[in-house]
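> mind looking at a prediction? Sequence and model below.
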Amino acid sequence: MNPMKRRSGYRGVAQSLRVAARGSEPAGAGKRVDSAKERNRPAKLERKLVKYEALPEYLQDNEFIRDYYRCEWPLKDLLLSVFSLHNETLNVWTHLGGALIFVALTAMSFTEKSSPENLFAAGVFRLERMKRNKSESIYPDHNYHQRNLIDSSITDNVNFPMWPWFIFLGGATCCLVLSSVSHLFACHSRRCNLLLWRLDQSGISLMVVASFVAPIYYIFDCHPFSRVFYFASITLLGTLAAVSLLSPALTSGRFRSFKAAVFLALGLSGIVPAAHTALLYGHHPQVAAALWCEMAMGALYAAGAAFYVTRFPERMGPGKFDLVGSSHQIFHVLVVAAALAHCVATLVLMDWRRGLPHCGGA
C-alpha cells in the first residue's frame, strides 16, 4: 500500500475518534471554569421517586403501597413536591383542604356580626331557614322559641359565648395542618420522621378533646358540676392518649391497630355525655338533631379507623392504589367529613342554647 495513503487513512480514523469523544462529553465539559465557587458547585441532582424495597426501614410503613415514594429529599424539594404527583400527594391535600375549610369558618366567625348559626347562610347548612319556616313539625315549641328570639337584644347576641366554638375550630385546624405537614416532610430523615409523626398523633388527641368542649359547654350550661366533670375527664383522657402514643417505639407501623384503638376509645368516651344529654334534653328537636349529627360523626370516625387498620383496598391489589384510592386517603376524607358533621351539630346546639332563657329552657 502507498505510505501516503496509509498515513492519510490513520489521520482520518484519529479525527473520527476525536469527534466521537467530543460528542460523548457531558454538557459544559469544554467550558473554562474561572472560579473556585464554580468548580466546587455540586451537580444538580434529579429527585426521583423510588419503590418500597429501596426505602430505609423507618420509611417502610405500608408494604401494599409499592411505588412513588420520596426518600430523604431536602426540605426545599419536599416543600415543592406538594404540587407534584407521588403517593403522599392526596394524603397532603385531603387534610390541607380540610384545614382551609376550617380557617374559612374561623374567619367567617370573627366577621359575623349576628348569630353564629348564620355562618352557613351562603348555602352549606341553612339553619336560619329552619327558624323562618314557622313549621310546627320542625319546631313544636316554635312560638316559645320565637318569642325568646324577639326578646333577645343585640347585646345578648354580642355577649353569647363563642370561645368554645373557636376552640373546636382551632383544634380541628391544628390537627389537619399537622397531618398535612407530616405527610409532606416526614420522609426527610429519621429524626424528622419521628418528630413529625409524634406531632401528628398529638394533633389527633387535640382535635378529639377540642371537639368535646363546645357541646359540653352549651348543653350543660345549667349544670355546672356535670360540665366541669366532663371537661376534666376528657382532658385527662386526651392527655393520657397523647402521652401513651408519644413513645418512639409506637411510631412503627406494627402498632397501627393499637393507635387506632386508643383514638377510637377516646372518641367513644363521648357516649356518656351524649346519653346524659338525651336524658335531659332529648325532647328538644334541635338537641335530637344534634345528637344524630354526633352519631354520624362517630360512624364516620369508626369507618375511617377500619380503613386505617385493615389497609383496604390496597391489600387486595398491591401497587394498584399507590397514587389514588389507598386506605389512608379514604381515612383522611372520612376524618374531614366527621369534623364537618360535628360542625353542624355544634351550630345546632348554639342556635338552641341562644333561644333559651339563661338556665331555664329545659
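Perfect, I can see it now.
> alpha carbons only for contacts and neighbour counts from here, please
Fine.
> what's the burial count for the residue lying closest to residue 60 once chain neighbours are set aside?
Take residue 60 and drop its neighbours on the chain: the residue closest to it by CA to CA, 6 or more residues apart in numbering is residue 52, 6.8 Å away. A total of 22 residues lie near residue 52 under the criterion other CA atoms under 10 Å.
> same deal with residue 75?
15.
> quick one, helices of the chain?
Along the chain, the segments classed as helices by DSSP state H run 3-24, 36-40, 75-80, 89-111, 127-132, 142-151, 154-159, 163-185, 190-219, 224-245, 256-268, 271-281, 285-310, 327-354.
> reformat these as a markdown table; add mean pLDDT and distance to residue 56.
Output for the helices of the chain, formatted as a markdown table (pLDDT from 0 to 100; distance: least, CA to CA, whole Å):
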| stretch | mean pLDDT | distance to residue 56 |
| --- | --- | --- |
| helix 3-24 | 46 | 35 |
| helix 36-40 | 44 | 29 |
| helix 75-80 | 96 | 17 |
| helix 89-111 | 96 | 20 |
| helix 127-132 | 46 | 52 |
| helix 142-151 | 46 | 62 |
| helix 154-159 | 52 | 55 |
| helix 163-185 | 97 | 15 |
| helix 190-219 | 93 | 9 |
| helix 224-245 | 87 | 23 |
| helix 256-268 | 76 | 19 |
| helix 271-281 | 93 | 42 |
| helix 285-310 | 94 | 22 |
| helix 327-354 | 96 | 21 |
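> which one of these lies closest to residue 69?
Closest to residue 69 of these, according to CA to CA: helix 89-111, at 10.4 Å.
> buried residues in that closest one?
89-99, 101-103, 105-106, 109 (16 or more other CA atoms under 10 Å).
> with stretch 340-358 instead?
Neighbour-count burial for stretch 340-358 flags 340-356 (criterion: 16+ other CA under 10 Å).
> then stretch 191-198?
For stretch 191-198, burial by neighbour count (16+ other CA under 10 Å) applies to 193, 194, 196, 197, 198.
> got the contact list for residue 50?
Residues in contact with residue 50, defined by CA atoms under 8 Å, 6 or more residues apart in numbering, are 67, 68, 69, 70, 71.
> redo that, cut-off 6 Å
Contact analysis of residue 50 by CA atoms under 6 Å, 6 or more residues apart in numbering lists 68, 69.
> how about residue 66?
51, 52, 319.
> redo that, cut-off 10 Å
Neighbour list for residue 66: 50, 51, 52, 53, 87, 314, 318, 319, 320, 321, 322, 323 [criterion: CA atoms under 10 Å, 6 or more residues apart in numbering].
> before we move on, what about residue 320?
64, 65, 66, 67, 313, 314, 326.
> swap the cut-off to 8 Å and go again
Neighbours of residue 320 in contact, by CA under 8 Å, 6+ apart: residue 314.
> cool, the one 5 residues further on as well?
The neighbours of residue 325, taking CA under 8 Å, 6+ apart as the test, are residue 313.
> for it, give its distance to residue 319.
11 Å (CA to CA, to the nearest Å).
> also residue 61?
Distance from residue 61 to residue 319, by CA to CA: 14 Å.
> and what of residue 62?
From residue 62 to residue 319 the distance is 11 Å (CA to CA).
> for the residue lying closest to residue 302 once chain neighbours are set aside, list the residues it contacts.
Spatial nearest neighbour of residue 302, excluding adjacent residues (CA to CA, 6+ apart): residue 264 at 7.0 Å. For residue 264, the contact set (CA under 8 Å, 6+ apart) comprises 301, 302, 305.
> save those as TSV, and put in neighbour count and distance to residue 255 too.
Listed next are these as TSV, based on neighbours: other CA atoms under 10 Å; distance: CA to CA, whole Å:
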residue	neighbour count	distance to residue 255
301	23	18
302	22	17
305	26	13
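> same list, those, but as a markdown table with distance to residue 291 please.
Formatted as a markdown table, the contacts of residue 264 follow (distance: CA to CA, whole Å):
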| residue | distance to residue 291 |
| --- | --- |
| 301 | 15 |
| 302 | 16 |
| 305 | 21 |
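> so which of those is the closest to residue 75?
The nearest member of the contacts of residue 264 to residue 75, counting by CA to CA, is residue 305 at 30.2 Å.
> alright, calling it a day.
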